[in-house]
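Turn this into a model:
(chains A and B)
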Amino acid sequence: MNMTTDLIIFAVLFAAFAALSLIRLVKGPTSADRMVAGDAADILVCCAMILFSLYSGRGIYLDIAVICALLGLVDTLLVGRFLEKGRRDR
Amino acid sequence: MALRIVIDALLGLGAFFALTGTLGILRMPDAFSRMQASTCVATLGMLGVAIGGVLYAACVMGSAGAAVKIGVIGLLVLVTNPVGSHAIAKGAYKAGIRPEKPMETDDLGRDSE
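Numbers count the residues shown, from 1 in each chain, chains lettered A, B, ... in the order given. I've put the predicted structure just below:
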């Protein structure tokens, strides 16, 4: 069993956790629930992308993971501001 | 071989905390408890993966660029996640979402009166 096998096993595990947290994104009663689940799924996909980049040996997935983490912060702040100021939909 | 055990232990720690946070997001009763559980994913889960990835990239692959990038991602998520969680918590409070049980102390409500 090679060492890259461990990496791809953990990457699939993290992707499965991201898919699990998407259940709360669909079900969540309030929009804060949806945003929390989306944030967690974002970070889990970022972890899976790091592990897949190490598995495949291609650096481009790391760049995508950096962008993913940055955009995760931006959309969390955006939805937070929206919840605070304009209240149209809970 | 010892390096492999260390990296696998770090990745396993990260996966354990990611599983805990995901189960917390699915099972907790209200939005603020779910927020608390999702912090577990962002801090310890990401930290385990980042440290394990840095060790793998530096010692097994021998590429310093990948190690630095993974370190930057880990640091970025670790620093920026509390900011986002705070914004979501304040926005949820202002939007009228309350915890399931009545609150013992309500400092934000007292201060914003």
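
Now A:Ile64: which helix or strand?
Assessed by DSSP states H and E, A:Ile64 sits inside helix A:60-85.

Check which helices and strands that helix is in contact with.
helix A:31-56, helix B:64-94 (3 or more Cβ pairs under 8 Å, 6 or more residues apart in numbering or on different chains; DSSP states H and E). Glycine gets a C-beta too; all of them are placed from N, C-alpha and C.

What residues does residue 11 make contact with?
With no chain named, the answer covers chain A. Listed by Cβ atoms under 8 Å, 6 or more residues apart in numbering or on different chains, the contact partners of A:Ala11 are A:48, A:51-52, A:55.

ah, I was thinking of chain B
Neighbouring residues of B:Leu11 by Cβ under 8 Å, 6+ apart: A:6-7, A:10, A:51, B:48-49, B:52.

hmm, 6 Å instead?
A:10, B:52 (Cβ atoms under 6 Å, 6 or more residues apart in numbering or on different chains).

Give me the distance between it and A:Val66.
20 Å (Cβ to Cβ, to the nearest Å).

ok, so of the contacts of A:Ala11, who is nearest chain B?
Among the contacts of A:Ala11, A:Leu51 lies closest to chain B (Cβ to the nearest Cβ), at 6.8 Å.

which residue sits closest to the most centrally placed residue in chain A, ignoring its sequence neighbours?
With distances taken as Cα atoms, centre = their mean, A:Asp42 lies nearest the centre of chain A, 1.3 Å away. Distance criterion Cβ to Cβ, 6 or more residues apart in numbering or on different chains; nearest residue to A:Asp42, sequence neighbours excluded, is A:Gly72 at 3.9 Å.
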